[in-house]
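Pasted the sequence and its predicted model underneath.
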Amino acid sequence: MTTKRIGTKIAGGSEPFRIEEKLGNGSFGEVYRCIGTQSGTVAAVKMVPQHKLTDPSTLSIKTVLNEARVAMLQVNHPNVVRVLHVDTGSDNGVGPYVMMEYVEGGSLQDLITRTQTDGKQLTLDEAIPLMRGIALGAQAINEQLVHRDMKPDNILLDGLSAAPIPRIADFGIAKIAAEQTRPETFKGTQPIWYMAPEAWREEKNTYKMDVYSIGLVFYEILTLDHPLLSFVGDPTDWVRWRTVHISQACPDVRNARPDTPLALAKLLMQMTDKSPGNRPSWDEVLGALNLPAVKTPRTEPIDPQLMAAMKGFADQRFRQEQKKTEAELARDREVERNQARSEEFNQSSRRLLAQFDDVIQALNEQEPTYPIKIDGDGVRTRIFKLPNGRELYCQFFGLTKKLEKPAIGAGYLGVNGGLSANLMLSGQEDDIASAHWSAVEANVMALIYGQTELKLLREAGLSDETIRFVLHMDGNESWRRDSPTFFGFQNANLFYEHYAAGHRAMHVYSFSIRPDVIAMFTEILKLGLRMPGIG
């Protein structure tokens, strides 16, 4: 295959290198074989395709390489393909690239595919040394970096013998291990088949991401199949892969590979746990992989019934651990669902608050001399400070189970001094983005000064037939639903009797039929501006 880059000379640290041929594609996009012009050293170089050098994503790659360059050069281990040179893109015509040792022998993916095609499987004596070498290489990398791209394609095999040495390659999207705070995931390049749950959730980068990915690779070494692929359907479906990685436990490896030792089956279950905190360290992984390659026969046979009982006990404990893991996953799924719903509610609240801000901004543009000031956290709360000293307070309370469906959330609008309206978010609880806000109840809290209060209620749009109230007595509420005359008292004498007794706090309300929430906000704002000034 010919490209414009063939024959190009690029910096290689101690000497220039000349690009000889294209080998394939990597996390950057293109992989080439190159040769040192002085020593004849053969190396592999991973480069951004020329047509993407001006792409905004290339700037992100430059940033990652700049941050990780020193750490990448410090990784030196027999089970890791050594990085020889890193260029963050000093030559705009070449772009950023990583130069590595050239390894012949193909990849682990090639071995898996070849073994599967031959209708065979790797013996435990072949598989366990491979797994141990991969774990040692990953441990060395994680002392400096979080690799974030562990997969069979990126594990090269050094040597064509029956026992090739695995060597981890491709640091294309690595992050400095000590940083652990910046969650860039480069989802356009990261392998969705092996991406850890916390990467999908864009959480902190830690080496436990690589433990998870390698755990999936170990499954493939033993079974020649990805343990989660059967739960996906379409292998390119991002949404489905996210769901499966976050909420689907891997099956017992012994279902597909019955000769797998229980300790190894348990290790794989732990490595692919959805919670990073439950995954083992590399020391623990290596300890579990320290299995004898060949079982030494005993001179005295063990009682078969005793062996069967012990195996049954071990299997039962393993099943219990699996069941516990599945229960924890179910709880995690519920937590994530609630977090997603809460975030959707916050977004819905922000959208409505932005509409309120638009109303205020329009008023302020018309009357710049008496501006309404805006305060609040911008998520669920907004306070509009009116020129007369009153404050219009907007609060969204969040999701609620207290209201009957289709109510899935609630909110409040209120002016200090007595005016308010309750809001409701109605729709489907799993589709909050399309749910509808409406004002369902208008309220007035008032001191009883006489019939003038009734005028205020009528100005708020409440008819005599719908006015109701709550009389507060020593903190207790007693509901009355009488004639609207004299605030619901049966006659004027009863009204004055309570007024003389000092019972002045009245909660008068009216139910409305889902009015437009912006119209209600505008009405509350209008009445708030007409109320007497304070302060």
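The structure has been received and is ready for your questions.

Check the spacing between the nearest residue to Val379 once chain neighbours are set aside and Leu423 real quick.
Using Cβ to Cβ, 6 or more residues apart in numbering and skipping residues adjacent in sequence, the residue nearest Val379 is Asn346, 5.3 Å away. No exception for glycine: its C-beta is placed from N, CA and C like everyone else's. Per Cβ to Cβ, to the nearest Å, Asn346 is found 15 Å from Leu423.

between those two, which one's more packed in?
Neighbour count, other Cβ atoms under 10 Å: between Asn346 and Leu423, Leu423 has more, with 23 against 16.

Phe397 is in contact with the more buried one, correct?
No: contact between Leu423 and Phe397 fails when scored by Cβ atoms under 8 Å: they sit 9.1 Å apart.

Give the residues shared as contacts by the two.
Common neighbours of Leu423 and Phe397 (criterion: Cβ atoms under 8 Å, 6 or more residues apart in numbering): 410-412.

which one of these sits closest to Pro16?
Gly411 (66.1 Å; Cβ to Cβ).

ok now do the closest one, which residues does it touch?
Counting by Cβ under 8 Å, 6+ apart, Gly411 touches 349, 352, 394-397, 422-425, 437.

Count the neighbours of Val359 for me.
Neighbours around Val359, by other Cβ under 10 Å: 15.

give the contact list for it.
By Cβ under 8 Å, 6+ apart, the residues touching Val359 are 518, 521-522, 525.

Need those residues in CSV (columns: distance to Lys9 and secondary structure).
Output for the contacts of Val359, formatted as CSV (distance: Cβ to Cβ, whole Å; DSSP: H, G, I helix; E, B strand; the rest coil):
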residue, distance to Lys9, secondary structure
Ile518, 65, helix
Phe521, 67, helix
Thr522, 70, helix
Leu525, 70, helix
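
Columns neighbour count on top of those, output as TSV?
Below are these laid out as TSV (neighbours: other Cβ atoms under 10 Å):
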residue	neighbour count
Ile518	15
Phe521	22
Thr522	14
Leu525	21
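
can you tell me the average pLDDT over the helix or strand containing Gln395?
Taking DSSP states H and E as the criterion, Gln395 maps to strand 391-399. Mean per-residue pLDDT for strand 391-399: 88.

Show residues contacting that strand.
338, 341-342, 345, 349, 352-353, 356, 376, 380-386, 408-416, 423, 429, 521, 524-525, 528.

Any of those residues buried? List them.
341, 345, 349, 352-353, 356, 376, 380, 382, 384, 386, 408-416, 423, 429, 521, 524-525, 528 (16 or more other Cβ atoms under 10 Å).

Provide a list of residue ranges in the stretch 101-250 of the chain with pLDDT below threshold.
Applying pLDDT under 70 to the stretch 101-250 of the chain flags the ranges 160-162, 171-190.

Can you show me the strands along it?
Ranges of strands within the stretch 101-250 of the chain are 145-146, 155-158, 165-168, 175-176, based on DSSP state E, counting those that start in this stretch.

Can I get those in CSV including mean neighbour count and distance to Pro197?
Formatted as CSV, these follow (neighbours: other Cβ atoms under 10 Å; distance: least, Cβ to Cβ, whole Å):
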stretch, mean neighbour count, distance to Pro197
strand 145-146, 24, 15
strand 155-158, 23, 22
strand 165-168, 24, 22
strand 175-176, 22, 17
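
Mind putting these into JSON lines with distance to Lys22?
Below are these laid out as JSON lines (distance: least, Cβ to Cβ, whole Å):
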{"stretch": "strand 145-146", "distance to Lys22": "26"}
{"stretch": "strand 155-158", "distance to Lys22": "17"}
{"stretch": "strand 165-168", "distance to Lys22": "21"}
{"stretch": "strand 175-176", "distance to Lys22": "27"}
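
Direction-wise, compare the longest helix anywhere in the chain with strand 391-399 and give the angle.
In the chain, taking DSSP state H as the definition, the longest helix is helix 304-366. Counting by axes from the mean of the first three to the mean of the last three Cα atoms, to 10 degrees, helix 304-366 lies at 160 degrees to strand 391-399.

Is Ala433 in contact with Asn346, as I believe?
No: at 11.5 Å, Ala433 does not count as touching Asn346 under the criterion of Cβ under 8 Å.

Now a ChimeraX select for only the buried ones of the contacts of Gly411.
Those of those that count as buried under 16+ other Cβ under 10 Å are selected in ChimeraX with:
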select :349,352,394,395,396,397,422,423,424,425,437
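
quick check, nearest of the contacts of Gly411 to Thr37?
Distance to Thr37 across the contacts of Gly411 (Cβ to Cβ) is lowest for Ser349, with 62.6 Å.

What sits closest to that closest one if chain neighbours are left out?
With Cβ to Cβ, 6+ apart as the criterion, Ser349 has its nearest non-adjacent residue at 4.0 Å, and that residue is Phe396.

returning to that earlier point: would you mind giving the shared contacts of Leu423 and Phe397 as CSV with distance to Thr41 added?
Listed next are the shared contacts of Leu423 and Phe397 as CSV, based on distance: Cβ to Cβ, whole Å:
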residue, distance to Thr41
Ala410, 69
Gly411, 68
Tyr412, 71
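
Can you list which of these are found in strands?
Among the shared contacts of Leu423 and Phe397, the members falling in strands (DSSP state E) are 410-412.

still on that earlier bit, compare the strands of the stretch 101-250 of the chain and give me the one nearest Asp110.
Nearest of these to Asp110, taken as Cβ to Cβ: strand 155-158 at 7.7 Å.

Does anything pack onto the closest one? Which helices or strands?
Here strand 155-158 touches helix 108-117, strand 165-168, going by 3 or more Cβ pairs under 8 Å, 6 or more residues apart in numbering; DSSP states H and E.

ok, now which ones touch the spatially most central residue of the chain?
Closest to where the C-alpha atoms of the chain average out (Cα atoms, centre = their mean) is Arg201, at 1.7 Å. Neighbouring residues of Arg201 by Cβ under 8 Å, 6+ apart: 246, 336.

For it, give me phi and psi.
Here is the backbone geometry of Arg201 (degrees, to the nearest 10): phi -90, psi 0.

Ok, Ile6 next?
The phi/psi pair for Ile6 (degrees, to the nearest 10) is phi -60, psi 130.

The nearest residue to it once chain neighbours are set aside - how many residues pack around it?
Among residues not flanking Ile6 along the chain, Ile19 sits closest, at 5.8 Å (Cβ to Cβ, 6+ apart). Number of residues near Ile19 (other Cβ under 10 Å) recorded here: 19.

Show me what the helix or strand harbouring Ile19 is packed against.
Counting by DSSP H and E, the element that carries Ile19 is strand 16-24. Counting contacts by 3+ Cβ pairs under 8 Å, 6+ apart, strand 16-24 packs against strand 9-11, strand 30-36, strand 42-47.

Contacts for the second one next, please.
Think strand 30-36. The contact list for strand 30-36, computed with Cβ under 8 Å, 6+ apart, reads 3, 5, 10, 12, 15-25, 41-49, 99, 102.
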